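1. My questions concern the predicted model and sequence given below.
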Amino acid sequence: TALNPEHIDRTEWLQLFGWKAAFFIALSLCLFAVFRKMQPTFLGVACFIVFWLLGGNLVAAIYAFDLLSIVLQLAMIGGAMFLVSYAIIKYFDMTALGAAIYGGVVVGMQASGLFSVLSTQSLNQPLSGFETDLASMSGASEADENLPHIIYIVPDRYASNENLRSLYDYSYASFTSELEARGFHVWDDQYANYPKTFMSLASTLNADYLDPLTQQIPRKATSYSYLTPLIRDFAARRALQARGYDYTHVGAWWTPTKANPLADQNFSDQRLPFNQLTQVYIRYTPLVFLLAQAEAQKTACEVIDDKVDFIREQMQSEGPQFVFWHTLVTHDPYIFEDNGSCRSEKTDRVFARDYERRKQAYLNHIEHFNRISLDLIDSVFQNSTRDVILVIQSDEGPYPESLVLTSNGLIPSPYNLLEAPRTEKRRKHGVFNAIYLPSQDYEAARDLRSPVNNFRLIFRELTGQPIRLLPDRAYSFEVDRHPYDLTDISQDLQRIE
């Protein structure tokens, strides 16, 4: 499988490579210990590799009780094993040489990708501008026994109210009205500071722009690994834990937010011990049954319910809690049916080729998230041991149709965000943002246009100090393969009066 270096976390790849290498080395040694000869050892390993490569479809057919498919897959595997066995027994030296050459070619083809994954260095440098601003305010770093709980929810790709209205013909009024009735301030037309999750979250969680770090990264660099450490070790976390907060992390299946080793508690989905890359890999191997067992044990929809219950439990704690939840309810794959039941993994969950179905699935998931959120908010407000600051802020807007097709390999040319029509730039950058402050003082918030100041507003509430607010800016890149080649597009996102 060709590696896509910009999407692969180095630790993920090493874990996958490590267990695969250990498994096949152990298999080879065991076979050699039994047979004491190279030819039967080579034969055994080769037959197992055939099963490894082709057995995934067989296992899937068995789970689907598809008798015809089972027979066809068995015939294919049996035929392949016969041919491999015949070649090894009849022409052992030639087959061994061919396997070595083939292996060398495969490794050579992957060399550049592997080098990119393994050689990419994170900057290991924090963004400290927000902490500098806090330190400059007298009393801003002092602990307080009456600190409120904080819940920060990031629904991935939830569109702004303005975009839901103008681009999707969707009425957001009900959810917005419900939030405002509960004391929230809801912005109608905010835009993300950056158009990719790893950059947007890094900026939001550090309450700062990424300029000090992106200026040190080659503009044509591709790997996300430069900035993903800022999603784990972020300025708001350091400042909150220093004030006595316990940090509870509720992540998604996306590796950078799946868990945070610096959190005091992590929500743990114990269905599968694998990272995202390994799960994708084993889907095409006989180990696919592990994914089927996990889904049978607890669906992805049920895991979302577990996360909501986990957040409710944290609000019962006596000490101040900071809960961060990155949720993909509003991001494909779309796991809920129109009626709210869980969509089977065997069905299409992306709808890349059918924009209208994708649009409807997206809006259905917006509504489902709205219901989840209101239930959680009401429960927290009624049962929390402290006042609560609550934020619902998306990291980026939904993909334009052309970008969906490009991302799924249905259009070969890369999608150019800088040359995209203004409406598509606004679609990609437009984000939902709403905040609840116990003081109900939203004077400083009303004219803000982007989420970079969200934690600055939170700390104004915590400290009572007029912590500096940053000017609103938005950056984008030409193609997402080069996310650090940034251009300021703030003017393109200005509201049309």
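-> Good, I have the coordinates.
2. quick one: Val33 is in a helix?
-> Rather than Val, residue 33 is Ala. Yes: judged by DSSP: H, G, I helix; E, B strand; the rest coil, Ala33 forms part of a helix.
3. Any figure for the gap between it and Thr41?
-> 9 Å (Cβ to Cβ, to the nearest Å). To be clear about C-beta, it is placed using only N, CA and C from the backbone, and glycine gets the same treatment.
4. Who has more neighbours out of those two?
-> Neighbours were counted for Ala33 and for Thr41 using other Cβ atoms under 10 Å; Thr41 has more, 19 against 9.
5. can you confirm that one is in a helix?
-> Yes: the assignment for Thr41 by three-state DSSP puts it in a helix.
6. quick one, what contacts it?
-> Contacts for Thr41 (Cβ atoms under 8 Å, 6 or more residues apart in numbering) come out as 28, 31-32, 35.
7. Got a ChimeraX select line for the buried ones in those?
-> Selection of buried members from these for ChimeraX, criterion 16 or more other Cβ atoms under 10 Å:
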select :31,32
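8. Between the contacts of Thr41, which sits nearest Leu437?
-> Distance to Leu437 across the contacts of Thr41 (Cβ to Cβ) is lowest for Ser28, with 62.1 Å.
9. Name the helix or strand for that closest one, please.
-> Assigned by DSSP states H and E, Ser28 belongs to helix 10-35.
10. was I right about Trp253 contacting Leu328?
-> Yes: the pair Trp253 and Leu328 qualifies as a contact (Cβ atoms under 8 Å) at a distance of 6.9 Å.
11. Tell me the secondary structure of Val186, please.
-> Applying three-state DSSP: Val186 is strand.
12. neighbours around it, how many?
-> 20.
13. need the contact list for it.
-> 161, 176, 179-180, 433-434.
14. Keep only those of those that are in helices.
-> Of the positions in the contacts of Val186, 161, 176, 179-180 sit in helices, assigned by DSSP state H.
15. want to try CSV for those, with neighbour count, distance to Arg349 and pLDDT as columns?
-> What follows is those, written out as CSV (neighbours: other Cβ atoms under 10 Å; distance: Cβ to Cβ, whole Å; pLDDT from 0 to 100):
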residue, neighbour count, distance to Arg349, pLDDT
Asn161, 23, 26, 91
Thr176, 19, 28, 95
Leu179, 21, 28, 97
Glu180, 12, 33, 97
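16. Show me the helices in the stretch 201-350 of the chain, by range?
-> 211-214, 229-232, 235-242, 255-258, 276-282, 288-297, 300-314 (DSSP state H, counting those that start in this stretch).
17. Mean pLDDT lowest where, among those helices?
-> With a mean of 66, helix 288-297 has the lowest mean pLDDT of these.
18. ok, back up a step: nearest to Val45, of the helices of the stretch 201-350 of the chain?
-> helix 276-282 (19.1 Å).
19. Show me what the closest one packs onto, helices and strands only.
-> helix 10-35, helix 255-258, helix 288-297 (3 or more Cβ pairs under 8 Å, 6 or more residues apart in numbering; DSSP states H and E).
20. Give me the distance from stretch 355-364 to the chain's centre.
-> Distance of stretch 355-364 from the chain centroid (Cα atoms, centre = their mean, to the nearest Å) equals 20 Å.
21. who's in contact with that stretch?
-> Residues contacting stretch 355-364 (Cβ under 8 Å, 6+ apart): 168, 170, 330, 332, 334, 336, 338, 350-352, 398, 401, 404.
22. go again using 6 Å as the cut-off
-> 170, 334, 338, 351, 401 (Cβ atoms under 6 Å, 6 or more residues apart in numbering).
23. With adjacent residues omitted, what lies nearest to Ala236?
-> Phe455 (4.5 Å; Cβ to Cβ, 6 or more residues apart in numbering).
24. How about the secondary structure of Glu419?
-> coil.
25. Find the nearest non-adjacent residue to it, please.
-> Nearest to Glu419 is Glu478, by Cβ to Cβ, 6+ apart, at 7.6 Å.
26. okay, now that neighbour: neighbour count?
-> That count, for Glu478 with other Cβ under 10 Å as the rule, works out to 17.
27. Secondary structure element holding the residue nearest to Ala236?
-> Phe455 belongs to helix 454-463 when assigned by DSSP H and E.
28. how much space between Pro335 and Glu302?
-> If you look again at residue 335, you'll see it is Ile, not Pro. 10 Å.
29. Between the two, point out the one with more neighbours.
-> Remark: of Ile335 and Glu302, Ile335 carries more neighbours, 22 against 13, as counted by other Cβ under 10 Å.
30. Next one: the more buried one from Arg157, what distance?
-> Counting by Cβ to Cβ, the gap from Ile335 to Arg157 is 14 Å.
31. Tell me which helix or strand Thr95 sits in.
-> helix 92-119.
32. would TSV of the ones in helices among the contacts of Val186 with distance to Arg473 be doable?
-> Shown next, in TSV, are the ones in helices among the contacts of Val186 (distance: Cβ to Cβ, whole Å):
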residue	distance to Arg473
Asn161	21
Thr176	25
Leu179	26
Glu180	27
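33. re earlier: immediately after the helix holding Thr95, which helix or strand?
-> Counting by DSSP H and E, the element after helix 92-119 in chain order, helix or strand, is helix 129-135.
34. hmm, who's touching that following helix?
-> 140, 207-208, 235, 239, 467-468.
35. Looking at these, which two lie furthest apart in space?
-> Ala140 and Asp208 (15.9 Å).
36. Which one's more surrounded, these two?
-> Neighbours per residue (other Cβ under 10 Å) separate Ala140 from Asp208, with Asp208 holding more: 27 against 19.
37. The more buried one contacts Leu127, correct?
-> Yes: counting by Cβ atoms under 6 Å, Asp208 touches Leu127, with 4.9 Å between them.
38. and stretch 315-328, how far from the chain's centre?
-> 19 Å.
39. now swap in stretch 378-393 and tell me
-> 25 Å.
40. same check, this time on stretch 429-436
-> That offset, for stretch 429-436, works out to 18 Å (Cα atoms, centre = their mean).
41. Begin at 18, not 1, for the rest of this chat.
-> Will do, 18 is the new start, and the previous item becomes stretch 446-453.
42. Report the rounded mean pLDDT for it.
-> 96.
43. Can you check what pLDDT the model gives the spatially most distant residue from the centre of the chain?
-> Taking Cα atoms, centre = their mean, the residue of the chain most remote from its mean C-alpha position is Lys107, at 50.0 Å. For Lys107, the model assigns a pLDDT of 84.
44. now do His24
-> On pLDDT, His24 comes in at 55.
45. The one 10 residues further on now?
-> The predicted local distance difference test score for Phe34 is 74.
46. Restricting to C-alpha, output stretch 162-173 in PDB.
-> What follows is stretch 162-173 as a C-alpha-only set of coordinates in PDB (Å, rounded to 0.1, in the frame of the first residue of the first chain):
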ATOM      1  CA  GLU A 162     -11.700  27.900  44.900                       C
ATOM      2  CA  ASN A 163     -14.800  28.900  42.900                       C
ATOM      3  CA  LEU A 164     -13.600  28.100  39.500                       C
ATOM      4  CA  PRO A 165     -16.300  26.800  37.100                       C
ATOM      5  CA  HIS A 166     -16.100  23.600  35.200                       C
ATOM      6  CA  ILE A 167     -15.200  24.000  31.500                       C
ATOM      7  CA  ILE A 168     -16.600  21.900  28.700                       C
ATOM      8  CA  TYR A 169     -15.100  22.500  25.300                       C
ATOM      9  CA  ILE A 170     -16.700  20.600  22.400                       C
ATOM     10  CA  VAL A 171     -15.300  20.600  18.900                       C
ATOM     11  CA  PRO A 172     -17.800  19.100  16.300                       C
ATOM     12  CA  ASP A 173     -15.600  18.600  13.300                       C
END
